[in-house]
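# Next comes the sequence, and after it the predicted model I'd like to discuss.
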Amino acid sequence: MTLQQLFGAPPQRPRGPDGASLLGWVVDQSPFPGPFPWAASYRDEAVARIDATAGPGQIAAEMVALGLISRATAEEYLGNGPGETVPARLVRDLFEAEGVLVEFEPKSYTVPPAYGDLANRFATVAGTSCENLELSDDFELSFVHNGQRHEFTPDDQGKYFDLLTVDEIAGALSPPGPRRFVPLGEEAYVLVDPRALDQLVKT
């Protein structure tokens, strides 16, 4: 089947054996126990693994149809070879290729964690910047964005990021319009229209 034929046809939604959605399974692949509040809407304890017969072309086609990635990104990714076949990794690869993915390690290498660097990464993906960014030794972070000053006081968790504060930073740096930073598991965010992501998540 050619790419033209693939993208010209209505995409078939990849599902698990119990009708589970693609991203519902993706966000459940965390190495950390227990759900975090900010990820609750995209977690499903009963979600099943994706059917292996849902190939990369089908998954990419659905993401294109929902406006989550561009057709050019999908065609370039699929045209470079077979690529990733594991659905969770494939979805992340496609979001990364689109330039809308921010990944981070929950455990930083510094105390306090590098909240400033992470904020700059969110800003870069959003096509904006953080001004007057400051991070004190007592874990207080501040920056100016779009003329507004934002201040955050993460819980002191040693080298570990306070994930609720990370969620607040992502929200503050989300651009105007329908696209927002949405958690994809516990160690990544994707800049998408949440309504389009909801359509992919629906079973």
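Cool, the structure landed.
# can we go C-alpha only for contacts and neighbour counts from here?
OK.
# ranges for the helices of this protein?
Shown for the chain, the helices assigned by DSSP state H span residues 3-8, 22-26, 56-65, 71-79, 87-98, 115-126, 163-172, 194-201.
# Export those as a markdown table, with columns for distance to His145, mean neighbour count and mean pLDDT.
Converted to a markdown table, the helices of the chain look like this (distance: least, C-alpha to C-alpha, whole Å; neighbours: other C-alpha atoms under 10 Å; pLDDT from 0 to 100):
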| stretch | distance to His145 | mean neighbour count | mean pLDDT |
| --- | --- | --- | --- |
| helix 3-8 | 39 | 13 | 42 |
| helix 22-26 | 31 | 26 | 43 |
| helix 56-65 | 30 | 21 | 88 |
| helix 71-79 | 29 | 16 | 93 |
| helix 87-98 | 24 | 19 | 86 |
| helix 115-126 | 9 | 19 | 95 |
| helix 163-172 | 8 | 18 | 94 |
| helix 194-201 | 22 | 16 | 79 |
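# Now tabulate the ones you listed in CSV and tack on distance to Gly185.
Compiled in CSV, the helices of the chain are given as follows (distance: least, C-alpha to C-alpha, whole Å):
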stretch, distance to Gly185
helix 3-8, 28
helix 22-26, 7
helix 56-65, 18
helix 71-79, 22
helix 87-98, 10
helix 115-126, 16
helix 163-172, 11
helix 194-201, 13
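# mind checking which of the ones you listed is nearest Phe104?
Across the helices of the chain, Phe104 has its closest neighbour in helix 115-126 (7.7 Å, C-alpha to C-alpha).
# ok now that closest one, how far from the chain's centre?
Here helix 115-126 shows a centroid-to-chain-centroid distance of 14 Å under the convention C-alpha atoms, centre = their mean, to the nearest Å.
# try stretch 179-195
What separates the centre of stretch 179-195 from the centre of its chain is 4 Å, taken as C-alpha atoms, centre = their mean.
# cool, stretch 170-185 as well?
That offset, for stretch 170-185, works out to 9 Å (C-alpha atoms, centre = their mean).
# buried sites along it?
170, 172-175, 179-185 (16 or more other C-alpha atoms under 10 Å).
# swap in stretch 128-138?
Within stretch 128-138, the residues that count as buried by 16+ other C-alpha under 10 Å are 128-130, 133, 135.
# and which of the buried residues of stretch 170-185 is nearest Gln58?
Of all the buried residues of stretch 170-185, Leu184 has the smallest distance to Gln58: 20.1 Å, by C-alpha to C-alpha.
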